[in-house]
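Q: Kindly return the folded structure for what I paste below:
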Amino acid sequence: MAANQPILKFDSKRYLKAQAKVPNLLRTSLGFRFQKIGDEFERLMDRRFTGKPSGALGVNNTKNKLINRTGSLRRSMSFKVLGASTGTADGLVLRSSIGNARTANYVFTQEFGATIKAKGDGWLTIPLPDNKTAAGRVRFKKASDVPGLFKITANGKQFLVRKSLSGEGLDFMFILKKEVTIPARLGFTKTWRSKAMRRFRAVEIDAGIRKALSKAGL
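A: Okay, here's the model as predicted:
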């Protein structure tokens, strides 16, 4: 997913005074504050990964939280403060991003939502709890990888099942659907633009400017 690169501009007497009198000190002070802003953004984003599966089908019924099954998407989140060691404070940029080659096939779906449809007369095979580990990771992603599968209909829904390895009952491995709609749960942009983050940024930037002036005796 493309990096979100906010550009923060200031037009205040304090900032202009610090920039003119102690540019290096101001850059260092604001660089530290940008780092704190990045940390706070990641803390808020971590809350997005606290969804829990619910019901017999183990689905995510929340509108704004993801189930952290493998941790790949969560671990792909990062930020970096650029321009913190050279130039003036005007060149500071906080670059925050999420997604990588491993998560490219679903990071945009989680951020913007999508409706996924089966091709032609086929079906989407959605893994069920019997096909997942205790941590929620899918054991078999493809139905073709599971020997002994057969189709049954229950409560108007179609499932791919197999005889339980214990010899008793059935393992419900997949539910068949023609399409699924995934809501926009990630909230990467929404969190950055939230009231809480706007306030946090303003407070930290103001504190950074004041700190630079204070250390310089200005």
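
Q: Could you give the secondary structure assignment for Leu213?
A: helix (DSSP: H, G, I helix; E, B strand; the rest coil).

Q: how close does the closest residue to it other than its chain neighbours sit to Lys211?
A: Take Leu213 and drop its neighbours on the chain: the residue closest to it by Cβ to Cβ, 6 or more residues apart in numbering is Ala18, 5.3 Å away. (C-beta placed from N, C-alpha, C; glycine too.) Distance, Ala18 to Lys211, by Cβ to Cβ, to the nearest Å: 9 Å.

Q: Who has more neighbours out of the two?
A: Ala18 (28 against 18; other Cβ atoms under 10 Å).

Q: pLDDT score for the closest residue to Ser194 other than its chain neighbours?
A: The shortest distance from Ser194 to any non-neighbouring residue, by Cβ to Cβ, 6+ apart, is to Leu44 (7.5 Å). On pLDDT, Leu44 comes in at 97.

Q: which outside residues touch the helix or strand where Leu44 lies?
A: Taking DSSP states H and E as the criterion, Leu44 maps to helix 23-46. Applying Cβ atoms under 8 Å, 6 or more residues apart in numbering, the contact partners of helix 23-46 are 15, 18-19, 74, 77, 79-81, 83-85, 87-89, 91-92, 94, 96, 98, 187-188, 191-192, 194, 196-197, 200-201, 204-205, 207-209, 211-212, 215-216.

Q: Just the buried residues of that helix, please?
A: 25-31, 33-38, 41-42, 44-45 (16 or more other Cβ atoms under 10 Å).

Q: how about the residue nearest the centre of the chain, what does it touch?
A: Residue closest to the average C-alpha location in the chain (Cα atoms, centre = their mean): Leu186, at 4.9 Å. Contact analysis of Leu186 by Cβ under 8 Å, 6+ apart lists Arg48, Leu66, Leu73, Ile98, Val107, Gln110, Glu111.

Q: returning to that earlier point: okay, the angle between the helix or strand hosting the residue nearest to Leu213 and helix 23-46?
A: Per DSSP H and E: Ala18 is located in helix 13-21. With axes from the mean of the first three to the mean of the last three Cα atoms, to 10 degrees defining the directions, helix 13-21 sits at 130 degrees from helix 23-46.

Q: Which elements pack onto helix 13-21?
A: helix 23-46, helix 195-215 (3 or more Cβ pairs under 8 Å, 6 or more residues apart in numbering; DSSP states H and E).

Q: you'd agree Gly167 is in a helix?
A: No: remark: Gly167 does not belong to a helix; assigned using three-state DSSP, it is coil.

Q: Count the neighbours of it for me.
A: For Gly167, the count of nearby residues is 6 (other Cβ under 10 Å).

Q: Thr50 contacts Arg74, doesn't it?
A: No: with contacts defined as Cβ atoms under 8 Å, Thr50 does not count as touching Arg74, sitting 10.4 Å away.

Q: So those two - more neighbours on which side?
A: Taking neighbours as other Cβ under 10 Å, Thr50 and Arg74 compare with Arg74 leading, 17 against 11.

Q: now the helix or strand harbouring that one: mean pLDDT?
A: Under the criterion of DSSP H and E, Arg74 resides in helix 72-75. Across helix 72-75, the average pLDDT comes to 94.

Q: For that helix, list every residue counted as buried.
A: Of all the residues in helix 72-75, those buried under the rule 16+ other Cβ under 10 Å are Leu73, Arg74.
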